[in-house]
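Peer 1: when you get a sec, could you give me coordinates for this:
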Amino acid sequence: MKSIRALAVTIALLACGPVAHAQVLDLSKTSCKELIDSGKDGLIIVWSWLYGYYSDQDADPIVDFGKLTSQGQKLVEYCRKNPRTDIITAAEPIYEK
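Peer 2: Residues are numbered from 1 along each chain as shown. Down below sits the predicted model:
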């Protein structure tokens, strides 16, 4: 199950092309402002990663694009109001539901 989720995220990342300027991105040290400034492609990559990261390990290998988008939009709304917060701190209450 995890391998299918990982494959879906990998495909999403490859489809977006070379988006990130850094080779490694530590989301616990990346601010909400940096996420917002990353543009649409950066947002999609992070949203997809967070969706997979917070999914139940034993969940069915299903990607709910409506849920992925809804959670991502909530994250962006939070980040606009709290630009100095790191992404993981911002994401936890949204994605752990």
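Peer 1: next, count neighbours for the residue nearest to Tyr95 when sequence neighbours are not counted.
Peer 2: Closest residue to Tyr95 apart from its sequence neighbours, by C-beta to C-beta, 6 or more residues apart in numbering: Tyr54 at 3.7 Å. The way it works is simple: take the backbone N, C-alpha and C, and place the C-beta from them, glycine included. Number of residues near Tyr54 (other C-beta atoms under 10 Å) recorded here: 14.
Peer 1: please renumber so the chain begins at 546
Peer 2: Yes, from this point I'll number from 546; that puts the last item at Tyr599.
Peer 1: for Tyr599, grab phi and psi.
Peer 2: Dihedral angles phi and psi of Tyr599 (degrees, to the nearest 10) take the values phi -90, psi 0.
Peer 1: residues in contact with it?
Peer 2: Tyr599 sits next to 636, 640-641 when contact means C-beta atoms under 8 Å, 6 or more residues apart in numbering.
Peer 1: what helix or strand is Ile590 on?
Peer 2: Element membership of Ile590 [criterion: DSSP states H and E] is helix 584-598.
Peer 1: what is the rounded mean pLDDT of that helix?
Peer 2: For helix 584-598, mean pLDDT rounds to 92.
Peer 1: packing partners for it?
Peer 2: Helices and strands touching helix 584-598, by 3 or more C-beta pairs under 8 Å, 6 or more residues apart in numbering; DSSP states H and E, are helix 547-561, helix 577-582, helix 610-626, helix 632-640.
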